[in-house]
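S.K.: sequence first, predicted model second:
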Amino acid sequence: MSTNIFVNFATDDLERSKAFYTALGADINPLFTDENAACIVWDDNVYFMVLRREYFSTFTDKAVADPKTTAQVLVALSRDSRADVDAVVQAGLDAGGSEPRPATDLGFMYNRDLEDPDGNILEFLYMDPAAAEQGPEVYLAEQA
């Protein structure tokens with residue numbers, strides 16, 4: 001059995017969000033995209049549903065947080081290398097995103113944060129495969 005992940009984001013500008021996420025290298029599934037929502041496809045198992053704020057609010061009885069002022073979730077996506085992390089963040093910056101914090105380099109893991117134009121936070125990270133397999137403490141001890 002395979003598990004798919006669908007992350008739902010509210011947006012104030014659906015067209016801007018579609019342009020932003022495709023600039024990062026994601027695709028749009030037109031079968032699940034209309035005037036209220038866009039299905040952003042990262043790979044065969046990871047999707048973002050970017051929903052107009054008014055439409056998003058129909059899925060919950062709670063107040064919809066403003067991601068420019070409130071962090072509710074941080075979505076982390078792995079990349080194949082440090083260079084890939086830098087490239088996707090740069091593409092996001094060029095497409096209207098912002099980088100709210102400096103890069104974090106722990107030796108075994110490198111990550112950068114990127115805010116989309118609505119303020120939703122994405123973390124792009126690369127972890128050395130050996131560190132992922134052994135755990136960071138063993139990996140770092142072997143590097144010393």
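M.R.: In hand now; what should we look at?
S.K.: what about the helices in this structure?
M.R.: Counting by DSSP state H, the chain has these helices, from start to end: 14-23, 53-56, 82-94, 129-134, 136-143.
S.K.: got CSV for the ones you listed, with distance to residue 104 too?
M.R.: The way it works is simple: take the backbone N, C-alpha and C, and place the C-beta from them, glycine included. Output for those, formatted as CSV (distance: least, C-beta to C-beta, whole Å):
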stretch, distance to residue 104
helix 14-23, 23
helix 53-56, 30
helix 82-94, 11
helix 129-134, 14
helix 136-143, 13
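S.K.: what does the lowest-mean-pLDDT helix or strand in the chain rub up against?
M.R.: Here the helix or strand of the chain ranked lowest by mean pLDDT, DSSP states H and E is helix 136-143, holding a mean of 74. Residues outside helix 136-143 that contact it (C-beta atoms under 8 Å, 6 or more residues apart in numbering): 106, 107, 108, 109, 128, 130, 131, 134.
S.K.: ok, residue 124 touching residue 90?
M.R.: No. Applying C-beta atoms under 8 Å, one finds residue 124 not in contact with residue 90, separated by 10.5 Å.
S.K.: show me which of the two is the more surrounded one.
M.R.: residue 124 (23 against 15; other C-beta atoms under 10 Å).
S.K.: bridging residues for that one?
M.R.: Residue 124 has the following beta-bridge partners by DSSP bridges: residue 77, residue 112.
S.K.: relative to residue 47, how far out is it?
M.R.: For residue 124, the distance to residue 47 equals 17 Å [C-beta to C-beta, to the nearest Å].
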